[in-house]
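> Have a look at this fold, sequence not included:
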């Protein structure tokens with residue numbers, strides 16, 4: 001199953017103004033608007049690099065039980081992989097679900113729609 005997330009790109013000031021307008025009740029986001037925002041195409045490209053998008057596909061296909069299992073599947077070091085997953089989790093692209101004493105990575109999407117303002 002393919003999941004698509006809409007991502008927006010706008011300046012930090014514009015993001016801040018948007019968040020404040022939403023908090024005040026002056027603006028109500030539409031359902032199709034981005035829920036994830038980046039301040040530049042460069043920062044988006046770092047998070048959604050070719051390697052990281054490949055990683056998302058691997059997670060979606062293999063549904064690893066833990067970060068260690070994913071590290072074995074991908075040949076990446078667990079510490080490096082953990083850092084990457086945490087960054088992607090901060091943006092809402094990956095969910096890191098605690099199960100027993102393991103952390104299971106779950107890809108929220110493998111396709112992205114990008115809106116730049």
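Yep, it's here. Note that the structure is predicted; figures quoted are calculated from it, not measured. Residues are numbered from 1 along each chain as shown.

> how far away is the closest residue to residue 4 other than its chain neighbours from residue 100?
Leaving out its chain neighbours, the residue that sits closest to residue 4 by C-beta to C-beta, 6 or more residues apart in numbering is residue 111, at 4.3 Å. C-beta coordinates here come from the backbone N, C-alpha and C atoms, glycine included. For residue 111, the distance to residue 100 (C-beta to C-beta, to the nearest Å) stands at 31 Å.

> next one: residue 109
26 Å.

> Residue 76 too?
23 Å.

> More neighbours: these two, which one.
Set residue 76 next to residue 100 and count neighbours by other C-beta atoms under 10 Å: residue 76 wins out with 16 against 8.

> Now do the contacts for the more buried one.
Residues in contact with residue 76 (C-beta atoms under 8 Å, 6 or more residues apart in numbering) are 70, 84.

> need the strands for the chain, in chain order.
Remark: strands assigned in the chain by DSSP state E are 4-9, 36-38, 94-99, 102-107, 111-116.

> Reformat those strands as CSV; add mean neighbour count and mean pLDDT.
Shown next, in CSV, are these (neighbours: other C-beta atoms under 10 Å; pLDDT from 0 to 100):
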stretch, mean neighbour count, mean pLDDT
strand 4-9, 17, 93
strand 36-38, 20, 95
strand 94-99, 13, 94
strand 102-107, 18, 95
strand 111-116, 13, 92
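
> who wins for proximity to residue 64 among the ones you listed?
Nearest to residue 64 among these is strand 102-107; the distance by C-beta to C-beta comes to 6.4 Å.

> partners of that closest one in the sheet?
Strand 102-107 sits in its sheet next to strand 94-99 (antiparallel), going by DSSP bridges.

> can you list contacts of the strand it pairs with?
Taking C-beta under 8 Å, 6+ apart as the rule, strand 94-99 contacts 56, 59, 65, 85-86, 88-89, 103-108.

> Identify the residue spatially nearest to the spatially most central residue of the chain, adjacent ones excluded.
The centroid of the chain falls nearest to residue 93 when counting by C-alpha atoms, centre = their mean (2.0 Å). Nearest residue to residue 93, sequence neighbours excluded (C-beta to C-beta, 6+ apart): residue 108, at 5.8 Å.
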